[in-house]
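**Student:** the sequence and its predicted three-dimensional model are supplied below.
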Number of protein chains: 2
Amino acid sequence: MTTTASPSGGTAGSADHTGSERAETLELSRRRLLGTVGAAGAAGLVAGAAGGAIGVAAAQDGPPTALSTVGSTAVAFRDEHAKHQAGITTPLQARGHLLAFDLAPGADRKAAAALLRRWSRTAEELMAGRTPAADTGVALDAGPSSLTVTFGLGSTFFDRTGLTARRPRQLEPLPDFSSDELDAGRSNGDLWVQIGSDDALVAFHALRALQKEAGDTARLRWQMNGFNRTPGATASPMTTRNLMGQVDGTNNPKPSESGFDERIFVGRDAGSGEYAWMRGGSYAVVRRIRMLLDDWEKQPLAKQEKVIGRRKADGAPLTGGDEHTKMDLDKNGADGLPVVPADAHARIAAPESNQGATLLRRPFSYHDGFRDDGAPDAGLLFVCWQADPLRAFVPIQRKLDRGDALSPFLRHEASGLFAVPPAAVAGGYVGQPLLEG
Amino acid sequence: MTTTASPSGGTAGSADHTGSERAETLELSRRRLLGTVGAAGAAGLVAGAAGGAIGVAAAQDGPPTALSTVGSTAVAFRDEHAKHQAGITTPLQARGHLLAFDLAPGADRKAAAALLRRWSRTAEELMAGRTPAADTGVALDAGPSSLTVTFGLGSTFFDRTGLTARRPRQLEPLPDFSSDELDAGRSNGDLWVQIGSDDALVAFHALRALQKEAGDTARLRWQMNGFNRTPGATASPMTTRNLMGQVDGTNNPKPSESGFDERIFVGRDAGSGEYAWMRGGSYAVVRRIRMLLDDWEKQPLAKQEKVIGRRKADGAPLTGGDEHTKMDLDKNGADGLPVVPADAHARIAAPESNQGATLLRRPFSYHDGFRDDGAPDAGLLFVCWQADPLRAFVPIQRKLDRGDALSPFLRHEASGLFAVPPAAVAGGYVGQPLLEG
């Protein structure tokens, strides 16, 4: 499961899960990457992730230094059963780009298929730490740094490619919510690309490579840049804080839990007949949620904690315990009122309040400076994953929209809904069963 | 030189270089930070830096995991001789914010002094990994992650505070250059703040804390966000690549070299009499340099290398050797022409071409999405340091402006020039000798 290169960088072995048939056009040129991290070492960084890590060994032509575990961690383009794309259950990465493209006028199904083939090939190569020919060189010296590239299809993609009859009902437009202030130019799109990496240059490099390959087939519609914690900045990498200072992601379902796959990935029922191409895929809802931080930061700590229903310091429920203690929604205080208020965000979003509706949150924070009104242009690039948004994001957001105490501090500024097909088979490309089926 | 906290997090020792008199209003609340990194271990990350690293030990109340060297690395607010501010010779950080503030109408010298006192105190506390009272909580769980905060004064600051007579001649406005397309709204400013950290949330946290403390005294004029490599992504952390893919910083002067201090920091001559308050300080020139990446990436590799004068793969001069080999400016090729072309960027910027003029480059890359014309809004937040810009940045940029082969691929979009005073003495604040002298 490891790749090795000669010190001269001239030849390279190939990770056994990647298509070696393309090796002649590529070269392993991460010459500065030091050290060898085996599968065991790297796996520690992504324990429990379905999109697991593989070890990548690289050449050593400089003076010996410490192992470079951040750089050398590679995420497989397809999991071991070739079911799911990476970037869904992959641990949060320090840097992220969300991009939407529209097919150019005249680009038909064949052109879209060719683009997805180019993109899939490049994503697989970059994720394995290899450099395409005619490369910009921006990521040289670094390893893949947990790079993931994830591809999705918007509702309009199906009309543009003559595949309207095969568009899943899950791509019906999301309903309007009262807190929406959506910018159509930064919403939706024919094609969606999510890039994540623990290194900002590696992420930028992938973005430029994919954008270049869009060529005349698709043009960039919108782009958003985000971030999470840097590996090693904290000892709890699976948990992050958002820009309000709240621990985020505590109540996320875990891949090891029973029912996880059924809730997050499209199964037999939703992926049969005309929709079989989505079996093993997932639906991503993307919301750009600006935080009114000037207002929020004026609230006393006790008020902030009642709005959320959790303690700020450690994310524990107001009903006690630690971050991972189950919230006691029925507990009343000495005043006879619920300890977790009726309008607390954590109560309203809880599966118990939504007939078990569950989604997997996998966000990036964003911070694009400040607005004309002086307020920070900052908040959350909320990305959530589910087998069916009509049974997950939509009912939960409807409920939040009606009575979430957090809503006054948020503005939903952009929105997207994308069908994210299962992983490409070896030698194939993402979406191939739809486009050629 | 280390700070320790009890596992309950209730009490904390104080690093011996920080003001313990403020400990009562602060708490060491990085409870999740695991492990203890001693001065020796941390020093490995900042070898040779004048703004050296100290080790910070933190409590361990979760399950034991690997050492968190990224998070626990702290940079001292003042170096051991209290001469220079941090963030000048500190190694490049993964995340950076550049901010300029203007004093509000009515804010006088006294108000400016009070602001610099608040800012200095907060910067020192945050850099040591402590959390101010009434904190936003955004950086909880993380260590200081090499946070630095650096303060500078623009030319207009002196007029606003009645100190025009003490404005150094080094703050005379930079000359116009032919490649300038400067946006005045994103240039200059009364006060300049440079924030750097290896963790984006820690950097954002510091930004919000400082912005809040500006209060009614100063308002944000402009802000730029940038990045460099993540620690561990590559084994050569002192070198980075810019978004053109070129190795950047190879020819930087080293703090260990003779003459470094004289070239980068204000010495006895320039810091005497009315200007003694700047002794040990430095001048920062800030340029937002957009790269025309669509044009650049179309150039063949050989053309790119001739434009720069160095090989792209490893940064070695075209005259041979490795990255750190001295460029042979006199060497001709078989065609009788100089191997490093007359208009190559590296030739024109070289000290040998500029009567020894030297500056210390310490940039961040930036990437703010794309422009209305579809081109990437990306490039370099060029920050350079010198004892006297009239003997460093100005002559070098004049020469580049006349004949640099790289110029057609760059647009200088914003510019700033700031006097960066020496470090505050213990219990004092940055700029105190000017404001109270």
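**Tutor:** Cool, got the structure.
**Student:** roughly how far is the longest helix seen in chain A from the heart of the chain?
**Tutor:** If each helix of chain A is counted by residues according to DSSP state H, the longest one is helix A:109-127. Computed by C-alpha atoms, centre = their mean, to the nearest Å, the chain-centroid distance of helix A:109-127 equals 19 Å.
**Student:** show me what the helix or strand following that helix is packed up against.
**Tutor:** Next helix or strand after helix A:109-127 toward the C-terminus (DSSP states H and E): strand A:148-154. Identification of packing neighbours for strand A:148-154 by 3 or more C-beta pairs under 8 Å, 6 or more residues apart in numbering or on different chains; DSSP states H and E yields helix A:109-127, strand A:191-197, strand A:410-420. No exception for glycine: its C-beta is placed from N, CA and C like everyone else's.
**Student:** strand partners (parallel or antiparallel) of the shortest one?
**Tutor:** It refers to strand A:191-197. Neighbouring strands of strand A:191-197 in its sheet, by DSSP bridges, are strand A:95-103 (antiparallel), strand A:148-154 (antiparallel).
**Student:** sorry, back to before: for the helices and strands packed on strand A:148-154, could you give me JSON lines that also reports mean neighbour count and mean pLDDT?
**Tutor:** Rendered in JSON lines, the data for the helices and strands packed on strand A:148-154 read as follows (neighbours: other C-beta atoms under 10 Å in any protein chain shown; pLDDT from 0 to 100):
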{"stretch": "helix A:109-127", "mean neighbour count": "21", "mean pLDDT": "97"}
{"stretch": "strand A:191-197", "mean neighbour count": "27", "mean pLDDT": "98"}
{"stretch": "strand A:410-420", "mean neighbour count": "23", "mean pLDDT": "98"}
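**Student:** format these as TSV; extra columns: distance to A:Lys254.
**Tutor:** What follows is the helices and strands packed on strand A:148-154, written out as TSV (distance: least, C-beta to C-beta, whole Å):
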stretch	distance to A:Lys254
helix A:109-127	24
strand A:191-197	19
strand A:410-420	20
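**Student:** give me every residue in the stretch 151-300 of chain A lying close to chain B.
**Tutor:** By the criterion of C-beta under 8 Å from any C-beta of the partner chain, the positions of the stretch 151-300 of chain A lying close to chain B are A:198-202, A:204, A:208, A:212, A:219-220, A:223-225, A:227-236, A:239-241, A:243-246, A:293, A:297.
**Student:** just the element for A:Leu210, please.
**Tutor:** Secondary structure from DSSP H and E places A:Leu210 in helix A:200-214.
**Student:** and that helix, how far out from the chain middle?
**Tutor:** Per C-alpha atoms, centre = their mean, the displacement of helix A:200-214 from the mean C-alpha position of its chain is 16 Å.
**Student:** now it: average pLDDT?
**Tutor:** Mean pLDDT, computed over helix A:200-214, is 97.
**Student:** helices and strands around that helix, which ones?
**Tutor:** Helix A:200-214 makes packing contacts with strand A:95-103, helix A:109-127, strand A:191-197, strand A:218-227, strand B:364-370 when contacts are defined by 3+ C-beta pairs under 8 Å, 6+ apart.
**Student:** how about the ones you listed, which one is nearest A:Arg310?
**Tutor:** Each of the helices and strands packed on helix A:200-214 was checked against A:Arg310 via C-beta to C-beta, and the shortest separation belongs to strand A:218-227, namely 22.5 Å.
**Student:** quick one: closest of the helices and strands packed on strand A:148-154 to B:Ala405.
**Tutor:** When the helices and strands packed on strand A:148-154 are ranked by distance to B:Ala405, counting by C-beta to C-beta, first place goes to helix A:109-127 at 29.9 Å.
**Student:** can you give me the end-to-end span of stretch A:359-368?
**Tutor:** Terminal residues of stretch A:359-368 are spaced 27 Å apart (C-alpha to C-alpha, to the nearest Å).
**Student:** residues of that stretch that come out buried?
**Tutor:** A:Leu359, A:Leu360, A:Arg361, A:Arg362, A:Pro363, A:Phe364, A:Ser365, A:Tyr366, A:His367, A:Asp368 (16 or more other C-beta atoms under 10 Å in any protein chain shown).
**Student:** distance of the first one relative to A:Leu207?
**Tutor:** Spelled out, that is A:Leu359. A:Leu359 sits 26 Å away from A:Leu207 when distances are taken as C-beta to C-beta, to the nearest Å.
**Student:** re the thing from before, out of the buried residues of stretch A:359-368, which is nearest to chain B?
**Tutor:** Lowest distance from chain B to the buried residues of stretch A:359-368 (C-beta to the nearest C-beta) belongs to A:His367, with 5.8 Å.
**Student:** what sits closest to the closest one if chain neighbours are left out?
**Tutor:** Taking C-beta to C-beta, 6 or more residues apart in numbering or on different chains as the measure, A:His367 lies nearest to A:Ala378, with 4.1 Å between them; neighbours along the chain are not counted.
**Student:** pretty sure the one you found contacts A:Leu292?
**Tutor:** No - under the criterion of C-beta atoms under 8 Å, A:Ala378 makes no contact with A:Leu292, lying 9.9 Å away.
**Student:** what does the pLDDT read for A:Thr69?
**Tutor:** The predicted structure scores A:Thr69 at 84 on the pLDDT scale.
**Student:** cool, and A:Asn228?
**Tutor:** According to the per-residue confidence, A:Asn228 scores 95 in pLDDT.
**Student:** got the contact list for it?
**Tutor:** Neighbouring residues of A:Asn228 by C-beta atoms under 8 Å, 6 or more residues apart in numbering or on different chains: A:Leu92, A:Gln93, A:Ala94, A:Arg95, A:Gly96, A:Thr240, A:Pro363, A:Phe364, A:Ser365, B:Ala200, B:Leu201.
**Student:** run the last query once more with 6 Å
**Tutor:** Contacts for A:Asn228 were tallied using C-beta atoms under 6 Å, 6 or more residues apart in numbering or on different chains; they are A:Leu92, A:Ala94, A:Thr240, A:Phe364.
**Student:** I figured A:Ala86 hits A:Ala74, correct?
**Tutor:** No - contact criterion C-beta atoms under 6 Å: A:Ala86 and A:Ala74 do not qualify, at 10.0 Å.
**Student:** can you count the residues close to A:Leu98?
**Tutor:** Under the neighbour criterion other C-beta atoms under 10 Å in any protein chain shown, A:Leu98 is assigned a count of 26.
**Student:** no no, A:Ala316
**Tutor:** A:Ala316, neighbours per other C-beta under 10 Å, totals 18.
**Student:** mind listing the strands for chain A?
**Tutor:** Taking DSSP state E to define them, one finds strands in chain A at A:53-55, A:73-75, A:95-103, A:148-154, A:191-197, A:218-227, A:240-241, A:247-248, A:282-291, A:360-361, A:364-370, A:376-386, A:410-420.
**Student:** in the second one, what counts as buried?
**Tutor:** Judged by neighbour count using 16+ other C-beta under 10 Å, the buried positions of strand A:73-75 are A:Thr73, A:Ala74, A:Val75.
**Student:** quick check: the residue nearest to A:Asp294 when sequence neighbours are not counted vs A:Arg411, distance?
**Tutor:** Residue nearest to A:Asp294 in three dimensions, not counting chain neighbours: A:Ala375, with 5.6 Å by C-beta to C-beta, 6+ apart. In this structure, A:Ala375 and A:Arg411 are separated by 10 Å, where distance is defined by C-beta to C-beta.
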